[in-house]
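In: next come a sequence and a model predicted from it.
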Amino acid sequence: MCAILGGSHSKWDYKKAITDMKHRGPDGIKICPSEDFTLAFARLAVVDLSDHGMQPMFSADHQVGIVYNGEIYGYQKMRTDLIRKGYRFCSNSDTEVILNAYLEWGDRFVQKVDGMFAIAIYDKRDGTLRLFRDRIGIKPFYYYFDGCNFGFASELKGILSMCNTVSPEYDHTAIYDYLNYSYIPEPKTCYKNVQKLMPGHRMIFDISQKRIIKDTSYWKLEINSFQGRQRKQSDLIEELRFLVRESVEEQMIADVPVGTFLSGGVDSSIVTFEGHRINPQLETFCMGFANADFDESTYACELAQRYQIQMNRKLFERDVFRDHYDKLKLWYDEPFADTSAFPTYLISRLAKEKVTVVLTGDGGDEIFGGYERYQAIWRKEKEKGPDHLLISAIYQRCKRDNKKDYYWMDVLNSLMQMSSPQLSITDKELRQRLTIEKDYDKLWAFRKYYHKELPPMTRIQYLDLKTYLPGDILTKVDRAAMAVSLETRVPLLARRLVEFSFSLSEEDRCPGGELKGLFRKAYVEEIGRKILYRPKMGFVMPRNYLNKKKSPQETLLKDIWHYEY
């Protein structure tokens with residue numbers, strides 16, 4: 001992984017901006033100014049460690065340039081196809097494959113690749129800048145546009161450092177969203193004129209006309225396409241195992257040491273098992289907690305002992321948390337309240353001592369149906385009928401009744417990903433202090449992706465895939481790991497796995513409402529029931545570490561971002 005940067009303003013500070021993101025790419029910096037656009041790059045060398053893999057990279061005629069953050073999996077086959085078509089390569093990097101694929105197929109190249117990526121292509125032939133973000137939103141992509149000047153960066157700090165002629169202004173609706181969701185939903189950031197490119201989107205900026213001429217989705221996830229088709233569970237298990245193994249194998253390819261994160265949960269255990277099958281010398285890394293109620297490391301150690309996997313374990317304690325408390329703003333740049341960022345940073349730092357790349361189990365809950373709220377919704381709709389848990393109705397009931405109706409509040413909090421306890425002031429008071437209009441819809445980020453015609457568990461899985469996963473989970477891991485220059489890969493979010501799982505009927509994916517039913521059955525013989533069928537704990541920090549009466553999002557907003565309202 002790396003840091004990418006670019007901008008159209010001749011006076012912007014590209015050197016400071018790319019240097020401020022050097023933690024994402026400590027192996028070299030390169031800045032390439034052109035007559036109307038500048039590209040910059042900070043490299044973390046993972047594939048083709050030679051200078052030939054350095055970016056920005058240009059076509060032979062220097063008419064097309066690229067900067068790119070991420071990894072393309074299985075790119076070797078595309079490279080072979082392009083060689084057959086007459087293209088010549090100077091490196092073994094996937095960057096050069098993307099560049100030549102664009103020269104051959106234009107924007108359609110993105111339909112042919114799988115991976116995690118933020119790609120910027122500067123095409124002098126038509127005076128455009130083209131941006132592409134991966135389908136799930138694994139890699140970050142920020143851009144600034146004020147109606148005239150345009151810039152992009154891997155992190156928000158890159159935008160702020162680059163655009164030195166601009167005074168950033170808070171978007172108070174984004175702060176309001178943060179206080180409700182615990183993160184700022186895409187495409188917003190906490191600043192006006194700065195946004196995130198949406199997952200699975202392509203954007204085209206016309207440099208000479210100074211306008212965005214296209215911002216469209218290039219990927220549509222087909223849901224329940226196998227609904228009504230009869231397939232044996234054994235056949236589904238066989239296909240699922242093949243896809244998981246294929247993804248792990250592809251994502252273990254690197255010219256640097258590769259390890260895994262192992263929490264002791266279902267997803268990381270399966271990824272680690274498959275990784276160890278490929279490389280018996282695999283290093284795995286685990287974070288334990290002094291509080292036994294939050295500690296899953298005993299299960300991780302059990303799997304490691306069973307298969308003689310090399311385990312590296314560290315204990316997360318309150319004092320360690322306090323030492324890193326103020327670093328949250330440095331890592332995330334804008335308000336972010338998932339406190340598991342702290343142990344994620346520490347396990348990343350532990351892993352960086354031995355490897356440059358780790359595979360994680362992130363995405364398994366959203367893809368295979370692992371959160372307990374999915375099961376609660378499934379059961380409730382069996383009792384009450386379709387769409388009983390329409391999100392807006394739940395929200396209105398909670399506010400209207402003003403009762404301590406714990407079941408309904410728990411459901412709402414789960415869907416909203418709000419931390420407990422609740423905000424210390426009422427919604428009305430909060431809107432007044434932040435000058436939020438009365439008709440502002442606090443559920444806007446959910447309404448876009450809430451399809452009541454879908455089966456209950458699939459409906460919320462899809463919602464999480466489009467909101468909570470990129471906005472919280474993937475953001476948390478990317479920034480915490482890249483703070484120590486560690487690349488994280490997510491094999492359970494490979495395109496073929498995502499499309500396979502969502503193509504299944506809900507009954508096939510979670511038979512009888514069983515969370516991750518198909519996924520568990522596929523690996524129960526190798527991993528064991530003790531690990532795969534125990535109650536879900538999650539990789540979370542004890543709440544009392546904050547030692548505050550207010551919610552985490554309020555506490556962190558005041559302590560770390562010094563934002564008062």
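Out: That came in fine, so what should we check first? These numbers come from a predicted model, not from an experiment. Numbering: from 1, shown residues only.
In: every contact and neighbour count from this point should use C-alpha atoms.
Out: Will do.
In: my read is residue 71 is in a strand, agree?
Out: Yes. Counting by DSSP: H, G, I helix; E, B strand; the rest coil, one finds residue 71 located in a strand.
In: how much space separates it from residue 371?
Out: Distance of residue 71 to residue 371, given as CA to CA, to the nearest Å: 28 Å.
In: and residue 143, by the same measure?
Out: For residue 143 relative to residue 371 (CA to CA), the value is 32 Å.
In: and these two? Which one has more around it.
Out: residue 143 (23 against 19; other CA atoms under 10 Å).
In: which helix is the longest one in the chain?
Out: Counting by DSSP state H, the longest helix found in the chain is helix 233-251.
In: what's the next helix or strand after it packed up against?
Out: Counting by DSSP states H and E, the next helix or strand C-terminal to helix 233-251 is strand 258-261. Contacts defined by 3 or more CA pairs under 8 Å, 6 or more residues apart in numbering; DSSP states H and E place strand 258-261 against helix 266-278, strand 283-289, strand 357-359.
In: show me the helices in the stretch 451-565 of the chain, by range?
Out: 456-466, 468, 474-482, 495-503, 506-509, 517-527, 529-532, 552-559 (DSSP state H, counting those that start in this stretch).
In: let's test this: mean pLDDT of the third one, rounded?
Out: Spelled out, that is helix 474-482. Helix 474-482 carries an average pLDDT of 97.
In: run through the residues that contact the closest residue to residue 334 other than its chain neighbours.
Out: Residue nearest to residue 334 in three dimensions, not counting chain neighbours: residue 190, with 6.2 Å by CA to CA, 6 or more residues apart in numbering. Residues counted as contacts of residue 190 (CA atoms under 8 Å, 6 or more residues apart in numbering) are 170, 171, 172, 174, 175, 184, 334, 335.
In: among those, name the buried ones.
Out: Among the contacts of residue 190, those classed as buried by 16 or more other CA atoms under 10 Å are 171, 172, 174, 175, 184, 334, 335.
In: residue 460: which of those residues is nearest?
Out: residue 184 (19.1 Å; CA to CA).
In: next, give phi and psi for that closest one.
Out: Phi and psi for residue 184, reported as degrees, to the nearest 10, are phi -100, psi 110.
In: these two touch, right, it and residue 333?
Out: No. Judged on CA atoms under 8 Å, residue 184 makes no contact with residue 333 at a distance of 11.5 Å.
In: give me the contacts around stretch 516-533.
Out: With CA under 8 Å, 6+ apart, stretch 516-533 has contacts from 233, 237-238, 240-241, 264-266, 269-270, 273, 299, 303, 365, 368-370, 508-511.
In: among those, name the buried ones.
Out: Neighbour counting with 16+ other CA under 10 Å marks 237, 240-241, 264-266, 269-270, 273, 299, 303, 365, 368-370, 508-510 as buried within the contacts of stretch 516-533.
In: how much space between residue 349 and residue 16?
Out: In this view, residue 349 and residue 16 are 25 Å apart by CA to CA.
In: the more surrounded of those two?
Out: Neighbours per residue (other CA under 10 Å) separate residue 349 from residue 16, with residue 349 holding more: 18 against 14.
In: ok, that one - contacts?
Out: So residue 349 contacts 481, 484, 486 (CA under 8 Å, 6+ apart).
In: quick check: angle from the one helix or strand it maps to to strand 283-289?
Out: Assigned by DSSP H and E, residue 349 belongs to helix 341-352. Here the directions of helix 341-352 and strand 283-289 differ by 150 degrees (axes from the mean of the first three to the mean of the last three CA atoms, to 10 degrees).
In: angle of helix 341-352 against helix 474-482?
Out: Inter-element angle recorded for helix 341-352 and helix 474-482: 40 degrees (by the same axes, to 10 degrees).
In: can you give the distance of helix 341-352 from its chain's centre?
Out: With CA atoms, centre = their mean, to the nearest Å as the basis, helix 341-352 stands 16 Å off its chain's centre.
In: can you pull the buried residues of it?
Out: Buried, per 16+ other CA under 10 Å, within helix 341-352: 341, 342, 343, 344, 345, 346, 347, 348, 349, 350, 351, 352.
In: would you mind writing the CA trace of that helix as CSV?
Out: In CSV, the C-alpha atoms belonging to helix 341-352 read as follows (Å, rounded to 0.1, in the frame of the first residue of the first chain):
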residue,chain,number,x,y,z
ALA,A,341,-8.9,1.5,16.7
PHE,A,342,-6.5,1.5,19.7
PRO,A,343,-5.9,-2.3,19.9
THR,A,344,-5.9,-2.4,16.1
TYR,A,345,-3.0,0.0,16.1
LEU,A,346,-1.1,-1.9,18.7
ILE,A,347,-1.5,-5.3,17.0
SER,A,348,-0.5,-3.6,13.7
ARG,A,349,2.7,-2.3,15.4
LEU,A,350,3.4,-5.8,16.8
ALA,A,351,2.9,-7.3,13.3
LYS,A,352,5.2,-4.7,11.6
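In: which ones are touching the most centrally placed residue in the chain?
Out: Closest to where the C-alpha atoms of the chain average out (CA atoms, centre = their mean) is residue 474, at 2.3 Å. With contact set as CA under 8 Å, 6+ apart, residue 474 has these partners: 137, 138, 139, 362.
In: how close does the closest residue to the last one other than its chain neighbours sit to residue 248?
Out: It refers to residue 362. Of all residues not flanking residue 362 in the chain, residue 490 sits nearest, at 6.1 Å (CA to CA, 6+ apart). To residue 248, residue 490 is 9 Å away according to CA to CA.
In: what do you get for residue 317?
Out: Applying CA to CA to residue 317 and residue 248 gives a distance of 32 Å.
In: of those two, who's got more company?
Out: Neighbours per residue (other CA under 10 Å) separate residue 317 from residue 248, with residue 248 holding more: 23 against 16.
In: so what's that one closest to, chain neighbours aside?
Out: residue 491 (5.5 Å).
In: give me the residue ranges of the stretch 251-400 of the chain where confidence is low.
Out: 384-400 (pLDDT under 70).
In: with the stretch 101-250 of the chain instead?
Out: For the stretch 101-250 of the chain, the ranges with pLDDT under 70 are 227-229.
In: rewinding a little: which of the buried ones among the contacts of residue 190 lies closest to residue 84?
Out: Distance to residue 84 across those (CA to CA) is lowest for residue 184, with 45.5 Å.
In: from residue 260, how far out is that closest one?
Out: For residue 184, the distance to residue 260 - CA to CA - is 28 Å.
In: next: residue 99.
Out: In this view, residue 99 and residue 260 are 30 Å apart by CA to CA.
In: who's more crowded, those two?
Out: residue 260 (28 against 22).
In: quick one, what contacts the more buried one?
Out: 268, 271, 272, 275, 282, 283, 284, 285, 358, 359, 360.
In: and the second one, how many neighbours?
Out: Residue 271 has 25 neighbours, counted by other CA under 10 Å.
In: residues touching it, list them.
Out: Taking CA under 8 Å, 6+ apart as the test, what residue 271 contacts is 244, 248, 260, 359, 360, 361, 491.
In: try 10 Å this time
Out: Applying CA atoms under 10 Å, 6 or more residues apart in numbering, we find residue 271 in contact with 244-245, 247-248, 260-262, 277, 359-362, 490-492.
In: just the buried subset of these, please.
Out: Using 16+ other CA under 10 Å as the burial test, the contacts of residue 271 include 244-245, 247-248, 260-262, 359-362, 490-492 as buried.
In: could the residues you listed be laid out in a markdown table, adding distance to residue 10?
Out: Shown next, in a markdown table, are these (distance: CA to CA, whole Å):
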| residue | distance to residue 10 |
| --- | --- |
| 244 | 47 |
| 245 | 48 |
| 247 | 43 |
| 248 | 43 |
| 260 | 43 |
| 261 | 43 |
| 262 | 46 |
| 359 | 40 |
| 360 | 40 |
| 361 | 43 |
| 362 | 40 |
| 490 | 37 |
| 491 | 40 |
| 492 | 42 |
